[in-house]
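Peer 1: sequence and predicted structure are below.
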Amino acid sequence: MLRYKKIFVNNQCNNNCLYCLYLQKGLLQPSFESIITEITDKEQDGIEFYGGEPTIRSDLVSILLSAKKKGFRRIKLTTNGRAFSDIHFLQSIISAGGNIFEIKLWGSNPHLHDSITQVHGSFIETLRGLDNLTNLLEEKFICIRIPVCEQNYLDLENTVAMILGFGINRIILSYSGHNLSFRKTIIHIKNAINIAILNRTWILTEGLPFCIMNGLEPHIIEIYLGWNNLGRRSFQQHKNCIDCIFRDLCPGIQSDYLKRFGEDEFLPVKDSKYFSDIKALYG
Ligand code: SF4
């Protein structure tokens, strides 16, 4: 899987999501000059702009143009997609070089999504933006990221089924804790994965270990990107890891999770038809 140079471009957002990973960190607003300096440093072929919400920066088009001029071929925006409900704005973003989009969605309906973004009307705008994107982009790559949380885990199947109609390229079910046990969520995660597979859509999980994803290991994003893709997390192995075939490839479970829920639900993986392929990926 391709890696991107990641640049934080906005500490503001037009949503106010309950579980925002970035707004809670109190990060400083980066200046236009500092962003341009980072763009100048071209180590990868792809570049990703994320926030907060990149699309509410008034100088975003200039930032994208700068990346395009520098020669980045894959220019990615991680966004809530609301601003793309304005098709003229979206056209300006695509003209400036934006060609890969990752959109965060919390649920299959306005009531659920808006209750988590805490902005009335955000669901409708995000879906309009998604519709514009799928209609406007010829060479498109659109990913939907669904963060899994206490409020939406029962709705994962509906959310995946609903977005398949947009003809998107990839779905990520992102599990980053939020005080929710794997035990409660895994059946819904597996159902959602199977719905996507049946509809020939690429789906990955984030934050779920091999022993929870047993049988669906190729859908674990960390086998391609490593285990710290969600930011700095602290992992530890537990008493059953010693008997697991993945013990040398797996960092274990997030320490906070083990403190809260214990280790009883994690049984060692004794066999996996994917083991040798996954081991080869680790090099
Ligand atoms: S090493 Fe431990 S945490 Fe990792 S998959 Fe195996 S049992 Fe699970």
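Peer 2: Great, that's in hand. These numbers come from a predicted model, not from an experiment. Residues are numbered from 1 along each chain as shown.

Peer 1: so Ile168 versus the ligand, what's the distance?
Peer 2: From Ile168 over to the ligand the distance is 29 Å, taken as CB to the nearest ligand atom, to the nearest Å. For the C-beta atoms, the positions are set from N, CA and C on the backbone; glycine is no exception.

Peer 1: what helix or strand is that residue on?
Peer 2: For Ile168, there is no host helix or strand (DSSP states H and E).

Peer 1: list the helices and strands the lengthiest helix in the chain packs on?
Peer 2: Ranked by residue count under DSSP state H, the longest helix found in the chain is helix 182-198. If you count contacts as 3 or more CB pairs under 8 Å, 6 or more residues apart in numbering; DSSP states H and E, helix 182-198 packs onto helix 156-164, strand 170-175, strand 202-206.

Peer 1: will you turn those into CSV that also has mean pLDDT, mean neighbour count and distance to the ligand?
Peer 2: Below are these laid out as CSV (pLDDT from 0 to 100; neighbours: other CB atoms under 10 Å; distance: least, CB to the nearest ligand atom, whole Å):
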stretch, mean pLDDT, mean neighbour count, distance to the ligand
helix 156-164, 97, 20, 22
strand 170-175, 96, 21, 14
strand 202-206, 97, 21, 13
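
Peer 1: which one is the residue in the stretch 51-200 of the chain that the ligand sits nearest to nearest to, not counting chain neighbours?
Peer 2: Closest contact between the stretch 51-200 of the chain and the ligand, by CB to the nearest ligand atom, is at Phe182 (10.3 Å). Once flanking residues are discounted, Phe182 sits nearest to Ile212: 5.0 Å by CB to CB, 6 or more residues apart in numbering.

Peer 1: flag the shaky bits of the stretch 1-150 of the chain, pLDDT-wise.
Peer 2: 1, 22-25, 41-42 (pLDDT under 70).

Peer 1: can you pull out the helices in it?
Peer 2: Here the stretch 1-150 of the chain has its helices, by DSSP state H, counting those that start in this stretch, at 32-40, 60-70, 87-95, 110-117, 122-136.

Peer 1: per-residue confidence at the residue of the chain most remote from its centre?
Peer 2: Relative to the centre of the chain, the most outlying C-alpha is that of Asp243, 31.0 Å out, by CA atoms, centre = their mean. Asp243 carries a pLDDT value of 97.

Peer 1: am I right that it is in contact with Phe266?
Peer 2: No: between Asp243 and Phe266 there is no contact under CB atoms under 8 Å: 10.9 Å.

Peer 1: before we move on, the earlier item: with distance to the ligand and mean neighbour count as extra columns, can I get the helices of the stretch 1-150 of the chain in a markdown table?
Peer 2: A markdown table is the format used below for these (distance: least, CB to the nearest ligand atom, whole Å; neighbours: other CB atoms under 10 Å):
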| stretch | distance to the ligand | mean neighbour count |
| --- | --- | --- |
| helix 32-40 | 35 | 15 |
| helix 60-70 | 37 | 19 |
| helix 87-95 | 40 | 16 |
| helix 110-117 | 29 | 19 |
| helix 122-136 | 34 | 19 |
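
Peer 1: hmm, back to that, reformat the helices and strands packed on helix 182-198 as a markdown table; add distance to Ile221.
Peer 2: Formatted as a markdown table, the helices and strands packed on helix 182-198 follow (distance: least, CB to CB, whole Å):
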| stretch | distance to Ile221 |
| --- | --- |
| helix 156-164 | 16 |
| strand 170-175 | 7 |
| strand 202-206 | 4 |
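
Peer 1: I am finished for the moment; much appreciated.
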